[in-house]
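> Here's a sequence, model it:
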Amino acid sequence: MHDHTALTFGRVNRVLIERVRPAIHSARIPLQIAAHTLPGEPIPPADGITLAFEPFQAGSLWGPAWGTTWFRVRGEVPAEWAGRRAEALIDLGFDVNMTGFQCEALAYRPDGTPIKALNPRNQWLPVDAEAGQAVEFYLEGAANPVLLDYHPFLPTQQGDILTSSPEPLYRVRHMDLAVFEPEVFELSLDLDVLLELQAELPATSPRRMQILQAFDDALDALDLQRIAETASDARARLDDVLTAPAEASAHRIAAVGHAHIDSAWLWPVRETIRKVARTASSMTALIDEHPEFVYGMSSAQQYAWIKEHRPEVYERIKAAVAAGRFLPLGGMWVESDTVMPTGESLVRQFSQGQRFFEREFGVRCKGVWLPDSFGYSPALPQLMRRAGFEWFFTQKISWNQRNVFPHHTFLWEGIDGSRMFTHFPPMDTYNSQLSGMEVARASRQFKENRVATMSLAPVGWGDGGGGTTREMTGRAARMADLEGSAKVEWKHPDAFFADARAELTDPAVWVGELYLELHRGTLTSQHATKALHRRAEHALIEAELWTATAAVRLGDEYPHDELDRLWQLVLLHEFHDILPGTSIAWVHREAVEVLSGVLTDARALSSSARAALAGEGEHELVFTPTSVGGGVPLGAAARASSEDGAADRVGTRLTETRDGIRLENDLVSILIDRNGLITSAVELASGREAIPAGKPANLFQLHQDFPNMWDAWDIDRYYRNRVEDLTEASSITASEEDGVATLVVTRAFSQSTITQTISLAPGSRTLMLRTEIDWHETEKLLKLAFPLDVFARETLAETQFGFQRRATHVNTSWEAAKFETSMHRFVLAEEDGFGVALVNDSLYGFDTSRDADGDHVTTTVRLSLLRAPRFPDPDTDHGRHEIEIGLVIGADAAVATAEGIRLNAPTTVVRGAHEVEPLVSVDGDGIVVSSVKLADDRSGDVIVRVYEALGRRTRGTLSVDFAHSGIREVSLIEDDLDDARTGGELSLRPFEVRTLRITR
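The predicted structure follows:
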C-alpha cells in the first residue's frame, strides 16, 4: 500500500479542531447579562447575589486587576429544545493557555448554592431548567491579572493591589445558552485519544496503521454538515480500535484528580481562598457525574479557609469526603517548604494537619504529599515515620537542571537511617491532562520497569487551580484497557502505595537530601520574610516553654487556642512560595505584617508567663530557653551574676596596631584591618590560625544575578563570573564597654550602604558580626566570604534535628550541581582537631569552594545575604535588613550547635522575687531539648522532645521536677505507640528524635 499517514493525520486533526469540537454545542442563543463591579475587596456570595445590577453587553470590558465583578445572567430554554441537554457557555475573556493564571468565576444559583467554576479550560455550566423554563444564575468574576505571560518573568507592578492598574483587563466574549450534543462530545474524545496514542506508537507498527485506517473509515462516515446526526456512525467505525485490550505487560497508571493550588504565589492569600472554593465546587460536581472518579486535595489550611469563608462549598466537600471520593491528602497544614523550617515547625505541619483532618472528617492521611516544594530535607524521612506516615510523594526533582534522578519508586533514607517508601511520577508533572504523550512518557521513563509495573498520576489543572475536567475523565475511561497504551485507573493514592509496596519487595535506596538542582535562590530571596519567620518560630517554641512552666508551677491556664492560632499563621507562611520568597509583592507585604504580629503576640505570651513565674521583686533573673552546652537548664530562671563577680571577669582587650585593630580575650585573638576585613583569627589554646595569609575574611562580594529564567527562584552558576569585592570602608570606629570590644564599620556601594558592628565578648570564641544593610540594588546578589585555613573535605550544615554533610569537591556532576546549598543556624568547616563555624540568625543559603596555594588547600565559605530579582516582586528585598552572624573559631559540631541555638534563642532578664526551677532537665552528651509544651489533647500532660545533635549514639537521663505518674514515648504528633519505651532513661541513635509524654 502507498503510505497515506501524513494525509490521514492532517485530515483528522483539522476535522477534530474545525468541525467536531465546535459542533459539541449546536443551537445557541444569547443570555441577558447584568453586572455590578465591587469597589473594594470580595464580599460573601449571599451579599453578591442581592446587589443592584446594571445592564451589561457581551463584548464589553470588565475587571481591573484584582477586582471582583458580580454578573447576573438570565434567559429561557427554548421550547424547541425539549428533550435535549442545555448548557450555558461563558467566555469572560479567557485564554486557554492561562488556566489558573487569569480571570475566573464561580457560578451560584439564586438560592446561593454553588454550581461550578468557570475558567479557560472549563467554560460551561449545567442548566437544570427544562424547555420553556427560566434560567438564572450569578457569577462571582475575579479579574486576576496575568503575571506569567507569553514573555514570562517581565517586571510588573500588577502584583500588588496598591500599585496595580485600575484599567479593565478583560472583555466578555459571550454568555450563551446552547444545546449540548453528547455523541459529538464522545466522538471528539475518541478522536483525541486515538490521535495522541498513534503519535506515540512505532511509525509502521500494525497498531498504528489500524488506528489510521479507522480514522479514515470514521471520517468517511461523518457528514461534516450534519455532524450531530452522523457522529454515532463515525464512532462505530472506531469501536474496534478503541476496544482492543492493552497488552498484559502494559504499564499501569493510578490516576487521582488533582489541582495543586498554591496557597499564595502570583495571587494573594485572599484570592487563594476563592480559587479553592472554585476548584472544589467543580470537583464535587464532577464527582457527582462520574462514579469512578476520585479527587485528592492536600493542605488542611485550604479546607479550613473554605469552612470559614465558603460554608456552602464546604458542605459539598464534607459529603464527598464521607463518600470516599474527595480525598484529604498529605497530612500537613500546607504544602510547605521542607528545607528552611525548623524541626518543630515540620512537627506542627503534621500535627495541625492531621488534627484538622481527624476532627473534621474522621480520617488520618497515610502519606505526605509535596509535589512542588523546592528540594527535601534529609531529616524528613525520620519525621514522616515518627509522625505515623507510610509513604512520600513528590515530582519536583524531575526539574533538575543537570542530573536525572535514577529512581521513581524507592526507599529514601534520612540522616538518622530512617527509610520512607517514596514515589516520583514518571510523567514528570503534577498537572497531567492524561494526554497520549504523558501516558507514553510514564511508561517509557519508569525507572523500575524491570521489577515494577505501576506509577501514580495527579490529573488536573493546577498551580492556580481548576482541577480535573470532563475531558480528562473521558480520556481515562478510554485508556482503562486500550492496546498500545498504559492502563489508567482512578485510585486513592493510599491504595496505589499499598499495591506498589507489595509489588516492589526490594526497592532501591537513596541516601540523603533530595537536592533540587534548580531554584537555589529561594534560600535567599525576600530576606525580611525569612528573618521574621525564623524569629517567630523560636518565639513560639519559647512561648510554649514558659506558658507550660506557668501552667504546671502556678496552675495558670495554658493558651492552647492562641498558640494554635499563631502556629497556624507561621505554618501558612512556610508554604513553598512564601517562605522561599517567590510570590508577588502583595503576598510578602502581608507576610511581613502577619509574621510581625505573630512575633509580638508570642513574645507577649512569654513575657506574661515569665512575669508570673518570677513574681514581684527587684532581683535580676535570667530566664534561659535553651540547655545546650551545660550551664543553667532549659526553662530555668536564675539570679544574674552579682557585681562582685563582675569585678573578677576578664574583659576583651582592644589594641590598635600597625596592621589594624586586634580584639583578644582568653580564648581567641582576632586582627581586623582598617577596612573592617578579618586578616587573622587565632585560637589561643592551640595556636591555630583560622584565616589563610593574604585572604581576608568578612569580605562582602557583589555579583551580577540575572538567571536565564525564574528570577526570584534561580541562581545560575555563571553568576560567579562577575564579582565586585567591597573592600573599602567609609569609616571604622573602635570602643570598649562592659568588657566587650566593638568596632563599627560603614561601607557605601552603588545605591546601598552597610553598617557592621563587630564585637567580641569576654569568654567567647565567637566574633559577632551584626550587619545592617540598606539595600537598593537591582539584579544583584550579596555574599559574605570567609576564606578559612581549614582542609575540609566536607561541610556540616545544620538541618532539622541534626546536620547534613556535603562534600566540598566537585568530582561528579551531582556535587558540581550543589553550588548553592542550605543550612539552618550554622555551617561548619573542619579538619581533624580544628574547625571554624559560621552561625546566623536569619540566613539559609551558602556556597563552599576549595582553593589551593601550591599544596596548601583552604576552604572558603560564603554566606548569601540578599538578592534583588525583579520578578515576581520588582522591588524584592529593597529596604533595611539586620543580619547577625557569628564567626566561631575552634569549633566542632557540639560548639557550632550550641552557638547557633544561643544566637537564635537568647536569654531574657526579668526583675522578680525568686528563681524558677525547670520542669525537666536532661543530661547526656549531644542531647538537645527541642520543645517543652503541654499536650495537644489538652489533658495537661507535658510533652518533651529531645534529639541527638552530633551524629553519634548517646545515653542520657530525663529528670522531671513536678508530680507525675509516668513517662512514655509517643509519636511525633503525640499518638500512643504500641511498643512505647517508658521511663526517663534515654538511649538515642545518631540524630534520633524522641517525643516523651509525662503524665501529671
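> Can you tell me what sits against stretch 200-211?
5, 194, 197-198, 240-241, 244, 436-437, 439-440, 483-484 (CB atoms under 8 Å, 6 or more residues apart in numbering). C-betas here are computed from N, CA, C, even on glycine.
> Between those, which sits nearest His588?
Met437 (36.6 Å; CB to CB).
> who's in contact with the closest one?
Contacts of Met437 by CB under 8 Å, 6+ apart are Glu196, Ala199, Glu200.
> Is it located within a helix, as I assumed?
Yes. Under DSSP: H, G, I helix; E, B strand; the rest coil, Met437 falls within a helix.
> Tell me how far it lies from Ala539.
For Met437, the distance to Ala539 equals 49 Å [CB to CB, to the nearest Å].
> Equivalent analysis for Glu167, please.
Counting by CB to CB - Glu167 and Ala539 are separated by 43 Å.
> Those two: who's more crowded?
Legend: neighbour count by other CB atoms under 10 Å for Glu167 and Ala539, higher for Ala539 (24 against 9).
> What strand or helix carries the more buried one?
Using DSSP states H and E, Ala539 falls within helix 527-554.
> Show me what counts as buried in that helix.
Buried residues in helix 527-554, defined by neighbour count with 16 or more other CB atoms under 10 Å: 527-553.
> what's around Ser432, how many residues?
28.
> residue contacts, it?
Here Ser432 is in contact with Ala255, His258, Pro425, Glu438, Ala457, Pro458, Val459, Gly460 (criterion: CB under 8 Å, 6+ apart).
> Name whatever forms a beta bridge with it.
Under DSSP bridges, the beta-bridge partners of Ser432 are Val459.
> What pLDDT is listed against it?
Note on Ser432: pLDDT of 97.
> Could you do the one 3 residues further on as well?
Listed pLDDT for Ser435 reads 97.
> In space, what's closest to it - neighbours in sequence excluded?
Glu196 (5.6 Å; CB to CB, 6 or more residues apart in numbering).
> Out of the contacts of Met437, list just those in helices.
Applying DSSP state H to these, the entries found in helices are Glu196, Ala199, Glu200.
> Give the bridge partners for His423, please.
Phe393, Thr409.
> State the distance from it to Asp506.
Taking CB to CB, one finds His423 at 16 Å from Asp506.
> Flag the shaky bits of the protein, pLDDT-wise.
628-632, 641-649 (pLDDT under 70).
> and with 80 instead?
1, 627-633, 635, 640-650 (pLDDT under 80).
> Can you tell me the centre-most residue of it?
His576 (2.1 Å; CA atoms, centre = their mean).
> show me the contacts for it.
Taking CB under 8 Å, 6+ apart, one finds Asp262, Glu335, Ser336, Asp337, Leu370, Asp372, Ser373, Phe374 in contact with His576.
> and the fourth one, what does it touch?
Right, Asp337. Ser373, Phe374, Thr522, Glu574, Phe575, His576, Leu579, Pro580.
> Now with 10 Å, please.
Neighbouring residues of Asp337 by CB atoms under 10 Å, 6 or more residues apart in numbering: 345-346, 370, 373-377, 522-523, 533, 573-580, 844.
> which two in the contacts of stretch 200-211 are spaced the farthest apart?
The farthest-apart pair in the contacts of stretch 200-211, when distances are taken by CB to CB, is Asp240 and Met437, at 23.9 Å.
> hey, what's the residue nearest to Ser731 when sequence neighbours are not counted bridged with?
Leaving aside its sequence neighbours, Ser731 sits nearest to Thr746 (CB to CB, 6+ apart; 4.8 Å). With DSSP bridges as the criterion, Thr746 is bridged to Ser731, Thr755.
> In this structure Thr746 contacts Thr753, no?
Yes. Contact criterion CB atoms under 10 Å: Thr746 and Thr753 qualify, at 6.8 Å.
> Which neighbours do those two have in common?
Common neighbours of Thr746 and Thr753 (CB under 10 Å, 6+ apart) are Ser730, Glu772.
> returning to what we had before: which of the ones in helices among the contacts of Met437 sits closest to Val77?
Glu196 (35.4 Å).
> Touching, that closest one and Leu482? I think so.
No. Counting by CB under 10 Å, Leu482 is not a contact partner of Glu196; they are 11.3 Å apart.
> Now the common contact residues for those two.
In contact with both Glu196 and Leu482: Val439, using CB under 10 Å, 6+ apart.
> What's opposite the closest residue to Leu613 other than its chain neighbours in the beta bridge?
Excluding the flanking residues, the one nearest Leu613 by CB to CB, 6+ apart is Val916, at 4.8 Å. Using DSSP bridges, the bridge partners assigned to Val916 are Ala637.
> helix/strand/coil for Arg74?
strand.
> Helices of the stretch 201-350 of the chain, residue ranges please.
Secondary structure of the stretch 201-350 of the chain (DSSP state H, counting those that start in this stretch): helices at 206-221, 227-243, 269-289, 300-309, 311-322, 343-361.
> Any chance of JSON lines for these, columns distance to Ala905?
Output for the helices of the stretch 201-350 of the chain, formatted as JSON lines (distance: least, CB to CB, whole Å):
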{"stretch": "helix 206-221", "distance to Ala905": "65"}
{"stretch": "helix 227-243", "distance to Ala905": "65"}
{"stretch": "helix 269-289", "distance to Ala905": "29"}
{"stretch": "helix 300-309", "distance to Ala905": "27"}
{"stretch": "helix 311-322", "distance to Ala905": "39"}
{"stretch": "helix 343-361", "distance to Ala905": "11"}
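> relative to helix 343-361, how tilted is the helix holding Ala539?
Helix 527-554 and helix 343-361 meet at an angle of 80 degrees, taking axes from the mean of the first three to the mean of the last three CA atoms, to 10 degrees as the criterion.
> Sketch out the strands for the stretch 601-750 of the chain, chain order is fine.
In the stretch 601-750 of the chain, the segments counted as strands under DSSP state E, counting those that start in this stretch are 619-624, 636-639, 653-657, 660-664, 668-672, 678-683, 688-689, 699-704, 723-726, 731-737, 740-749.
> if you compare those, which one is most tucked away?
strand 668-672 (a mean of 23; mean count of other CB atoms under 10 Å).
> Using CSV, write out every CA atom in that one.
Output of strand 668-672 as CSV, limited to C-alpha atoms (Å, rounded to 0.1, in the frame of the first residue of the first chain):
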residue,chain,number,x,y,z
VAL,A,668,40.9,33.9,70.7
SER,A,669,42.8,36.7,69.1
ILE,A,670,41.4,38.5,66.1
LEU,A,671,43.0,41.1,63.8
ILE,A,672,40.8,43.4,61.7
